[in-house]
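Engineer: the amino acid sequence is not available; the structure is as follows:
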């Protein structure tokens, strides 16, 4: 029989190499002309007179040749391959949320420690569904300063992806986080997010300066807000994001020549009603989707996958519309790594939304797989025999096997006739909550007790010195 191929739907902007080169050249010119506002006099003195950098007053101007030199070493470290079309999707659950959607799907409440434990158990039990992550939020019933360490302990105790926290933004936290990373046998990286437009300052930079010699790598990000802190143009906002990240990364690589420095432009859209982030909007998705076509110019692939943050705070029609649009457009473009379970731009977690997201990405995966195709049709005799008989194709074992292999079989979003709905009254949210409780109750996991005890000692010291 002629082997099957697959015809797959794809999504692409069709940006040419010349267009990306134009953006790149403009970004380097912009970074050189504008320079970076630096209010730390120690940094200004340290970099004054360095080759390729010009200090004028409180601004540092990286030269284009110096930025090109940085990019040469950066590209030598990065040649990230594209994702294979058959790669399964991975859903990442963030530890950033501060609020949990209550069971009524209308109310929000702060996380308790037990909520965080339950979330960690749920994530661990959903690993076979492609779910990745540690805890699902920050506990509010412990001292705020110690809450990030509680996240780490809970994640280590109840799942295989523990040992980190996105919270803890002070130097005091960073010193303990570095000890925890060492105890877990992990490298310790720091990040600096440059405020737009073109500022190299903030608590993250101060932590980097204080932790010199303790970190093994640096990441530089930028989140210019289109129309607010960057021009009202997708292309120009992206150019500014490149200029801010490449320029700042060049400056930091000069400060720390032995430390690998990566850059991650992360431009965002605004919400006209508030002036804040427009999570879930078409513009948000367009700016994020551009990463997949611009970053390969630098040997990079989007490190966090497709940013699919949603605007609403609770599951519902808006959340599902935004998530489905982001998943499908991202999947067709080549993304295989997505956010899941979070709402309100990442500030809220919902187990119901997590189950909805698992089912949604499975729908997108099935659609993106496309259709089987043969250039020569064979088996006409068998086909004609079944078609001319009293049998259905659904009664043929070979056809039944193909049906099971091909059709998408939803768990919560099932098709229904009016009669079936009246008889059953299905409730996807109720079923998702019941499934979450079942999985949490069935959780069994044995952590690495030795590593957990080492981290516990560090956390105990932090508690005594909080």
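Structural biologist: Yep, that arrived. All of these numbers come straight from a predicted model, not from anything done at the bench. Numbers count the residues shown, from 1 in each chain.

Engineer: quick check, residue 51 in contact with residue 69.
Structural biologist: No - with contact defined as C-beta atoms under 8 Å, residue 51 does not reach residue 69; the gap is 9.3 Å. In short, each C-beta sits where N, CA and C put it, glycine included.

Engineer: the two: which has the busier surroundings?
Structural biologist: In terms of neighbours (other C-beta atoms under 10 Å), residue 69 is the more surrounded of residue 51 and residue 69; the figures are 16 against 9.

Engineer: wasn't the more buried one part of a helix?
Structural biologist: Yes - residue state for residue 69 (DSSP: H, G, I helix; E, B strand; the rest coil) corresponds to a helix.

Engineer: so who does it touch?
Structural biologist: Taking C-beta atoms under 8 Å, 6 or more residues apart in numbering as the contact definition, residue 69 lies against residue 52.

Engineer: quick one: it from residue 253, how far?
Structural biologist: 9 Å (C-beta to C-beta, to the nearest Å).

Engineer: quick check: the residue lying closest to residue 182 once chain neighbours are set aside vs residue 308, distance?
Structural biologist: Ranked by C-beta to C-beta, 6 or more residues apart in numbering and with sequence neighbours excluded, the top spatial neighbour of residue 182 is residue 188, at 7.0 Å. Remark: distance between residue 188 and residue 308 (C-beta to C-beta) = 29 Å.

Engineer: and for residue 231?
Structural biologist: To residue 308, residue 231 is 25 Å away according to C-beta to C-beta.

Engineer: for those two, indicate the residue with more neighbours.
Structural biologist: The neighbour count for residue 231 versus residue 308, taken as other C-beta under 10 Å, is higher for residue 308 (28 against 14).

Engineer: number of nearby residues for the nearest residue to that one once chain neighbours are set aside?
Structural biologist: Distances taken as C-beta to C-beta, 6+ apart place residue 326 nearest to residue 308, at 3.9 Å, with adjacent residues excluded. By other C-beta under 10 Å, 26 other residues sit near residue 326.

Engineer: tell me which element residue 326 falls in.
Structural biologist: Counting by DSSP states H and E, the element that carries residue 326 is helix 317-333.

Engineer: cool, residue 450 as well?
Structural biologist: Assigning secondary structure by DSSP H and E places residue 450 in helix 449-464.

Engineer: report the mean confidence score over that helix.
Structural biologist: Confidence over helix 449-464, taken as the mean pLDDT, stands at 96.

Engineer: same question, stretch 209-220
Structural biologist: pLDDT averaged over stretch 209-220 gives 96.

Engineer: pull out the buried residues from it.
Structural biologist: 211, 214, 215, 218, 219, 220 (16 or more other C-beta atoms under 10 Å).

Engineer: give me the residues contacting it.
Structural biologist: Identification of contacts with stretch 209-220 by C-beta under 8 Å, 6+ apart yields 40, 42-43, 171, 174-175, 178, 187-194, 208, 245, 248-249, 252, 256, 259-264.

Engineer: check the offset of that stretch from the chain's centre.
Structural biologist: Between the mean C-alpha point of stretch 209-220 and the mean C-alpha point of its chain there is a distance of 22 Å (C-alpha atoms, centre = their mean, to the nearest Å).

Engineer: re earlier: mind listing what's buried in the helix holding residue 450?
Structural biologist: Buried residues in helix 449-464, defined by neighbour count with 16+ other C-beta under 10 Å: 451, 452, 454, 455, 456, 458, 459, 462.

Engineer: out of the buried residues of stretch 209-220, who's nearest residue 95?
Structural biologist: Distances from residue 95 to the buried residues of stretch 209-220, taken as C-beta to C-beta, are shortest for residue 219 (17.6 Å).

Engineer: ok, what's across the strand from that closest one?
Structural biologist: In this entry, residue 219 is beta-bridged to residue 191, residue 262, by DSSP bridges.

Engineer: just checking, what packs against the helix or strand hosting residue 18?
Structural biologist: Secondary structure from DSSP H and E places residue 18 in helix 17-34. Helices and strands touching helix 17-34, by 3 or more C-beta pairs under 8 Å, 6 or more residues apart in numbering; DSSP states H and E, are strand 59-62, helix 64-77, helix 234-255, helix 291-294.
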